[in-house]
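> Let me see the structure of the following:
(chains A, B, C and D)
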Protein chains: 2
Amino acid sequence: MARPRSFDEKQVLNAVRDQFWDAGYAATSLEDLMRVSGLGKGSLYAAFGDKRQLFLRALHGYTEEIHAELREVLADAPRALDALRALLEPPIDASPGADAGAVTRRGCLMANSAYELGNADPEVLAHAHRTYEKSTALIGDCVARAQREGDLPAGADPVALARALLAAQQGLVFMSRTGLDAEALTATARSLAARLLPDQGQAGSG
Amino acid sequence: MARPRSFDEKQVLNAVRDQFWDAGYAATSLEDLMRVSGLGKGSLYAAFGDKRQLFLRALHGYTEEIHAELREVLADAPRALDALRALLEPPIDASPGADAGAVTRRGCLMANSAYELGNADPEVLAHAHRTYEKSTALIGDCVARAQREGDLPAGADPVALARALLAAQQGLVFMSRTGLDAEALTATARSLAARLLPDQGQAGSG
DNA sequence: GGAGTTCTTGACCGTTCGGTCCACCATATG
DNA sequence: CATATGGTGGACCGAACGGTCAAGAACTCC
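Got it, this is the predicted structure:
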């Protein structure tokens, strides 16, 4: 028996997430948030709390999505090794309005946020830590599966390799963010994949 | 025939650099800069221009230092392979007042800046790009030397491996920044080094 | 020691920020 | 159709920001 909301919470969170992703936290003003969400200040505050809380909501939604995708990629691949190799492909830009297949320049929202706010906001840092530990666990499981499937040497510690893969992937995203051209980025990705995930009994050479 | 400056430009730039490094660009106010430099607003503006110019000065000084150190490390090592391995050690905190040997939590100023300002400030992004291209070249030379010394397979493209090493290093710094404990960080570094820079004819296993 | 020049200091300014509040509105119920 | 309930949006606020400026201090040269 009251006026219903005129907006979809999820749509607003997605729009807000893209804004934070493109511009960063500090460089995004409430006016920006009003513009991309189509809501007034009062509505934003009533629905989500202040700027920081809204940001955290968007960030949590982002990491959940990322993990869902990661879980899917790792589970769906017939061979675990292929899924792991997919992690080390040049990162693609999925932002609205990006050229299809173009390399990303806005990086990963979680990484951007950890870099921008890690020193000042322990909660963001802790969330980043949890996020990457979770990713490590998921990737580690996939490594173990690849070992069982005979595609990776059985002796190695799956978690150590998982961490190495994650670090390498973040490095790739970073290089992409600094404007490294697509060709060099592809070569770097191949070089990393060839060494971190070589075909059994064959050394990488690219 | 005028009043001499009462401060040392280099000391001020170092203090300012540390402040930006610890807090980021946006989160550093002019008041912070006055505090760490010991100068008044007017002096800062007269000597260095506005906040952004002062930041760029500090950033350029930082990257020059980094490259000088990198050149030194790569040149001084009797064997090039050892120098390359040093790149993949867990990053140490060299900030004033840090525990000796502690892992860094403030990362690399250039990387932090590229992440925070890359979208908004093309000059920062371009500087990051130039910086990493230069690093790639230096590391590539060292890779070539390691190949000549017989410590790395001669067939591989030195630049591709250099890029892979650089990406891996940035990944390590990032993981460290998110608060990964020193033990896991060390294991990750070893894992990366074992795979990217294996002993000749021996596969890594950590 | 006086003059000229540069450096230093802090008061001051306009702008923009995040955040609050309230008058107005749309809807559901009886 | 009257009323109660919650949503909406913009006016408004204090604070903090980056930046300017003028007056005084410190120094060198003549």
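> what packs against whichever strand or helix holds residue A:72?
Using DSSP states H and E, residue A:72 sits in helix A:51-76. In terms of contacts (3 or more Cβ pairs under 8 Å, 6 or more residues apart in numbering or on different chains; DSSP states H and E), helix A:51-76 is packed against helix A:9-23, helix A:30-37, helix A:41-48, helix A:80-87, helix A:109-117, helix A:122-148. Every C-beta, even on glycine, is put in place using the N, C-alpha and C of the backbone.
> My read is that residue A:96 contacts residue A:19, right?
No - Residue A:96 lies out of contact with residue A:19 (Cβ atoms under 8 Å); the separation is 11.0 Å.
> Which of these two has more residues huddled nearby?
Between residue A:96 and residue A:19, counted using other Cβ atoms under 10 Å in any protein chain shown, residue A:19 has the larger neighbour count: 20 against 8.
> so how far is residue A:25 from the more buried one?
From residue A:19 across to residue A:25, the span is 10 Å (Cβ to Cβ, to the nearest Å).
> what angle do the least confident helix or strand in chain A by mean pLDDT and helix A:51-76 make?
Least confident helix or strand, chain A: helix A:41-48 with a mean of 86, by mean pLDDT, DSSP states H and E. Angle, helix A:41-48 to helix A:51-76, by axes from the mean of the first three to the mean of the last three Cα atoms, to 10 degrees: 50 degrees.
> any chance of the helices and strands packed on helix A:51-76 in CSV, with distance to residue B:197 too?
CSV is the format used below for the helices and strands packed on helix A:51-76 (distance: least, Cβ to Cβ, whole Å):
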stretch, distance to residue B:197
helix A:9-23, 35
helix A:30-37, 45
helix A:41-48, 48
helix A:80-87, 20
helix A:109-117, 25
helix A:122-148, 20
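> that older thread, quick one: buried residues of the least confident helix or strand of chain A?
Buried residues in helix A:41-48, counted by 16 or more other Cβ atoms under 10 Å in any protein chain shown: A:43-44, A:47-48.
> Check stretch A:28-43 too.
For stretch A:28-43, burial by neighbour count (16+ other Cβ under 10 Å) applies to A:28, A:33, A:36-37, A:39, A:43.
> does any part of that stretch sit near DNA strand D?
Yes - contact of stretch A:28-43 with DNA strand D (Cβ under 7 Å from any atom of the strand) involves A:39-43.
> hang on, the earlier thing: so which of the helices and strands packed on helix A:51-76 is the most packed in?
Of all those, helix A:109-117 has the most neighbours on average by mean count of other Cβ atoms under 10 Å in any protein chain shown, namely a mean of 24.
> just to revisit the earlier point, and the helices and strands packed on helix A:51-76, which one's lowest on average pLDDT?
Among the helices and strands packed on helix A:51-76, helix A:41-48 has the lowest mean pLDDT, at a mean of 86.
> Give me the packing partners of that helix, helices and strands only.
Here helix A:41-48 touches helix A:30-37, helix A:51-76, going by 3+ Cβ pairs under 8 Å, 6+ apart.
> Least reliable of these by average pLDDT, please.
The weakest mean pLDDT among these belongs to helix A:30-37, with a mean of 90.
> now what about that helix, what contacts it?
A:7, A:12, A:15-16, A:18-19, A:23, A:40-41, A:44, A:51, A:54 (Cβ atoms under 8 Å, 6 or more residues apart in numbering or on different chains).
> For the helices and strands packed on helix A:51-76, give me a markdown table that also has distance to DNA strand C.
Converted to a markdown table, the helices and strands packed on helix A:51-76 look like this (distance: least, Cβ to the nearest atom of the strand, whole Å):
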| stretch | distance to DNA strand C |
| --- | --- |
| helix A:9-23 | 10 |
| helix A:30-37 | 4 |
| helix A:41-48 | 3 |
| helix A:80-87 | 34 |
| helix A:109-117 | 13 |
| helix A:122-148 | 14 |
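> wait, which of those is closest to residue B:115?
Proximity to residue B:115, assessed across these by Cβ to Cβ, is greatest for helix A:109-117 (3.8 Å).
> just to revisit the earlier point, ok, the residues of stretch A:28-43 next to DNA strand D vs residue A:123, which is closest?
residue A:41 (23.6 Å).
> which ones are touching that closest one?
Taking Cβ under 8 Å, 6+ apart, one finds A:30, A:34 in contact with residue A:41.
> The closest residue to residue A:182 other than its chain neighbours bridge partners, please.
Spatial nearest neighbour of residue A:182, chain neighbours left out: residue A:103 (4.9 Å); criterion: Cβ to Cβ, 6 or more residues apart in numbering or on different chains. For residue A:103, the beta-bridge assignment (DSSP bridges) gives partners residue A:92.
> Wait, residue A:103 touches residue A:89, no?
No - counting by Cβ under 8 Å, residue A:103 does not reach residue A:89; the two are 10.4 Å apart.
> Comparing the two, which residue is more hemmed in?
Neighbours were counted for residue A:103 and for residue A:89 using other Cβ under 10 Å; residue A:103 has more, 22 against 14.
> Pull the contacting residues for that one.
Residue A:103 is in contact with A:90-93, A:176, A:182, A:185, counting by Cβ under 8 Å, 6+ apart.
> for residue A:96, same thing?
Going by Cβ under 8 Å, 6+ apart, residue A:96 touches residue A:18.
> and it, what pLDDT?
79.
> Find the residue at the geometric middle of chain A.
The C-alpha lying nearest the average C-alpha coordinate of chain A belongs to residue A:108 (Cα atoms, centre = their mean; 4.6 Å).
> my read: it touches residue A:174, true?
No - with contact defined as Cβ under 8 Å, residue A:108 does not count as touching residue A:174 (9.2 Å).
> Once you drop chain neighbours, what's closest to residue A:37?
Once flanking residues are discounted, residue A:37 sits nearest to residue A:12: 4.7 Å by Cβ to Cβ, 6+ apart.
> Next one: residue A:164, what pLDDT does it get?
97.
> ugh, wrong one, residue A:2
Here the pLDDT value assigned to residue A:2 is 68.
> Okay, and residue A:97 sits in which element?
Assigned by DSSP H and E, residue A:97 falls within no helix or strand.
> So what does it look like in phi/psi?
Residue A:97 adopts backbone torsions of phi 90, psi 10, taken as degrees, to the nearest 10.
> Tell me how many other residues crowd it.
By other Cβ under 10 Å, 6 other residues sit near residue A:97.
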